[in-house]
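>>> Provide a 3D model corresponding to the input given below.
(chains A and B)
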Amino acid sequence: MNADVLTVERREGGLAACTPSAPLVISTSRWYHEAFTQLLSDPHVRTIVLDMTTVSTLDSAGAAVLKNLQKTCRARGISLELTRLEDQVESFLRFSGFFEEPPPPPPATSAKRPPIVERVGAGAVELWKDTRDLIQFIGSVTVAVGPCCLNPKRFRPREILYYVQRSGSEAVPIVFLVSFLMGLIMAFQAAVQLRQFGANIFVADLVSLALTRELGPLMTAIILAGRSAAAFAAEIGTMKVNEEVDALTVMGFNVTEFLIMPKVMALAVSGPLLTIFANASGIVGGIVVGVLSLDLTPASFITEVWQILTVGDVAGGLVKSFAFALVVALVGCFRGLQTERTADSVGRMTTSAVVTSIFLIILTDAVFTVLFHVFSW
Amino acid sequence: MKDEKAPAQPEQAIVRTENLTVGYGGTPILKGVTFHVAEGEIVTILGGSGCGKSTLLKALIGLLPPLEGSVWVAGYNIAGPDRETALEAARKKIGVLFQSGALLGSFTLADNVALPLTEFTDLPGALIEEIVHTKLEAVGLADYAHYMPMELSGGMRKRAALARAMALDPQILFCDEPSAGLDPVTAAELDSLLLNLNEALGITMVVITHELASILTISRRSIMLDKEAKGIIAQGSPRDLMERSEDPKVRAFFHRNPELLHTAAKAASP
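As a prediction, the model looks like this:
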């Protein structure tokens, strides 16, 4: 079919007289495009005359074919003439800008990718700015704590309770499930090894110490990062998009006190509470493995846990979980406030809140590990 | 509310800018803008999209620190060296109606209106309830006090936001495109509400808009901004601007005719 849509008659002086035989519309435009490409591949063509008598219908795709032909002709110095245009077709071509002079070529811009050193430098500057802004934000929240302590009503107890429920109570099922399975997996892995030495009871030591000192606070914090940091960033980000944060600012509200403080306080409370619950759930998981595959009794397991754990182990884990909770809340709120007025930005900042929280949790954990080692905690 | 009294002198103005330059990231959107608004006046700030109307509003309500110049609002220079203190004082005297309404989505209408009252006054609950009822009644939403913002139409949300902006009886009300996105009848209702508030309470209003019907209905004076000029290109009574201005941009705006701009550009080219 594509050979049929355009009849080309070659004449002297490189003149090609073309007659389309089908409407120039979306269904035929590909054939016309191929036919014109074939015609233009002939280097002897100097002039194209297109008799449009038979073209009574033209759409955007057809106009695009003609504009493309016009562009190629201009580039190669070939003369193009459209004859016997119907009014409607001419009007459509005029609307499509066919008869307009081509715009001047845009000034050459150096779209070259900057060298790697420059990109690394720009990335480092960006990272430094982000870190500086985060430190400033933490500073502003710290400063806001003082006046709230002097007037506890400014802490907004109702809001705090609301967020304790959202980020604490509602996280209980997932924290239980994850910690229970963690305890179960750890106990099972340890049991395989320890059974060889008849040291089954030490599974209780391993599970309880690993959970209370490290995994309980860490897993809880990661769950909080996934749930609460994302929720805080999305909530504040959407408020920014809807101009609600601006409205609060111009009404004279201290945004840090109004929006940030309740969330930070709520997580500071619910983080350690969830960690205690996570520790207990993980130990229950250990007991299940101990009873089912190591011939231990729940009482002997619990007695062993009771003997091995010190107040320092539990307190150390809770101090960590308090710090992790602050990290999650602050990063979530910080990213929320960084949101620009686009839906896309809300998504990016929510993702960034989770990623940054998890990274800073691990970093904080590393700092605590060094400190606990130095102070023999 | 179109009286014939002469505009106030700058020193009597309740809102005043002098050589104000504002922009983002050090790039000015508006340069050297100087104007004033007298107490009790309704002034509309006009101009095409991207001319800096909302940027100017942000500078006037203290959301955007100016790059240069001064901004006086209710007697405080909110662009001066003691910006934070001045802003704190000025914000007690202003209300802002945002383009989207900006009601807090997790609060009912009544709670939204009560918010500034509970935060900045020590009024007992019963009085706050009474004030909230009065404000919602003034905007025709007394029956919707316990609705959430998302349960209301765009026009109702704007009216509720107006009630919240009026909660602390501000001296000045700044409105960012109040009739944007509303049908002509709802927009006219909102305009009429603004006029009533101005007449009944003498509130000064600075209204950012490009809705011709609103401009002609509510304002006694208009200030027109332009993107290329990065500042004010005309100011005066909107009727005068529409009928007498020789500036092609002003004429094109008021007569909704872009051809006037093209004709002027052709005449200017050699």
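>>> for A:Ala61, what are its contacts?
Contact analysis of A:Ala61 by C-beta atoms under 8 Å, 6 or more residues apart in numbering or on different chains lists A:Leu24, A:Val25, A:Ile26, A:Ser29. For every residue, glycine as well, the C-beta is placed using N, CA and C.
>>> quick one: it from A:Asn68, how far?
10 Å (C-beta to C-beta, to the nearest Å).
>>> Please apply the same query to B:Ile172.
Counting by C-beta to C-beta, the separation of B:Ile172 from A:Asn68 is 58 Å.
>>> cool, and B:Gly69?
The value you get for B:Gly69 to A:Asn68, if C-beta to C-beta is used, is 52 Å.
>>> So which residues on the stretch 101-250 of chain A come close to chain B?
A:Thr238, A:Met239, A:Asn242, A:Glu243, A:Glu244, A:Asp246, A:Ala247, A:Leu248, A:Thr249, A:Val250 (C-beta under 8 Å from any C-beta of the partner chain).
>>> Now tabulate these in a markdown table and tack on secondary structure, neighbour count and pLDDT.
A markdown table is the format used below for these (DSSP: H, G, I helix; E, B strand; the rest coil; neighbours: other C-beta atoms under 10 Å in any protein chain shown; pLDDT from 0 to 100):
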| residue | secondary structure | neighbour count | pLDDT |
| --- | --- | --- | --- |
| A:Thr238 | helix | 17 | 93 |
| A:Met239 | helix | 24 | 93 |
| A:Asn242 | coil | 19 | 89 |
| A:Glu243 | coil | 22 | 90 |
| A:Glu244 | helix | 24 | 92 |
| A:Asp246 | helix | 21 | 92 |
| A:Ala247 | helix | 24 | 93 |
| A:Leu248 | helix | 20 | 93 |
| A:Thr249 | helix | 19 | 92 |
| A:Val250 | helix | 23 | 90 |
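>>> the more surrounded of B:Gly69 and A:Asn68?
B:Gly69 (18 against 15; other C-beta atoms under 10 Å in any protein chain shown).
>>> what pairs with the helix or strand where that one lies, and is each one parallel or antiparallel?
Assigned by DSSP states H and E, B:Gly69 falls within strand B:68-73. Partners of strand B:68-73 in the sheet, by DSSP bridges, are strand B:15-24 (antiparallel), strand B:76-77 (antiparallel).
>>> I figured B:Met148 hits B:Gly105, correct?
Yes: with contacts counted by C-beta atoms under 8 Å, B:Met148 reaches B:Gly105, the gap being 7.3 Å.
>>> Low-confidence stretches in the stretch 51-200 of chain A?
For the stretch 51-200 of chain A, the stretches with pLDDT under 70 are A:108-111.
>>> Give me the pLDDT for the residue nearest to A:Ala225 when sequence neighbours are not counted.
Nearest residue to A:Ala225, sequence neighbours excluded (C-beta to C-beta, 6 or more residues apart in numbering or on different chains): A:Ser357, at 3.7 Å. At A:Ser357, the pLDDT value in this model is 96.
>>> ends of stretch A:236-246, how far apart?
11 Å (C-alpha to C-alpha, to the nearest Å).
>>> repeat for stretch A:14-28
Start-to-end, stretch A:14-28 (C-alpha to C-alpha) is 26 Å.
>>> so does stretch B:25-45 get close to chain A?
No: using C-beta under 8 Å from any C-beta, we find that stretch B:25-45 stays clear of chain A, coming within 12.8 Å at best.
>>> quick one: average confidence on stretch B:190-201?
89.
>>> re earlier: any of the contacts of A:Ala61 buried? List them.
A:Leu24, A:Val25, A:Ser29 (16 or more other C-beta atoms under 10 Å in any protein chain shown).
>>> now the residue nearest to A:Glu243 when sequence neighbours are not counted: how far from B:Ile61?
Residue nearest to A:Glu243 in three dimensions, not counting chain neighbours: B:Ala102, with 3.9 Å by C-beta to C-beta, 6+ apart. As judged by C-beta to C-beta, B:Ala102 and B:Ile61 stand 12 Å apart.
>>> if we can go back for a sec, burial of the residue nearest to A:Glu243, as a residue count?
The burial count for B:Ala102: 26, using other C-beta under 10 Å.
>>> list the contacts for it?
Neighbour list for B:Ala102: A:Asn242, A:Glu243, A:Glu244, A:Asp246, A:Ala247, B:Ala161 [criterion: C-beta under 8 Å, 6+ apart].
>>> farthest-separated two in those?
Within the contacts of B:Ala102, two members stand farthest from each other by C-beta to C-beta: A:Asp246 and B:Ala161, at 12.1 Å.
>>> any shared contact partners between the two?
B:Phe98, B:Ala102.
>>> ok, for the residue of the stretch 251-377 of chain A found nearest chain B, nearest residue in space, not its chain neighbours?
The nearest approach of the stretch 251-377 of chain A to chain B comes at A:Gly252, 4.2 Å away (C-beta to the nearest C-beta). Using C-beta to C-beta, 6+ apart and skipping the chain neighbours, the partner closest in space to A:Gly252 is B:Arg91 (4.2 Å).
>>> surely that neighbour meets A:Phe253?
No: judged on C-beta under 8 Å, B:Arg91 makes no contact with A:Phe253 at a distance of 9.3 Å.
>>> between these two, who's got more neighbours?
Neighbours were counted for B:Arg91 and for A:Phe253 using other C-beta under 10 Å; B:Arg91 has more, 24 against 18.
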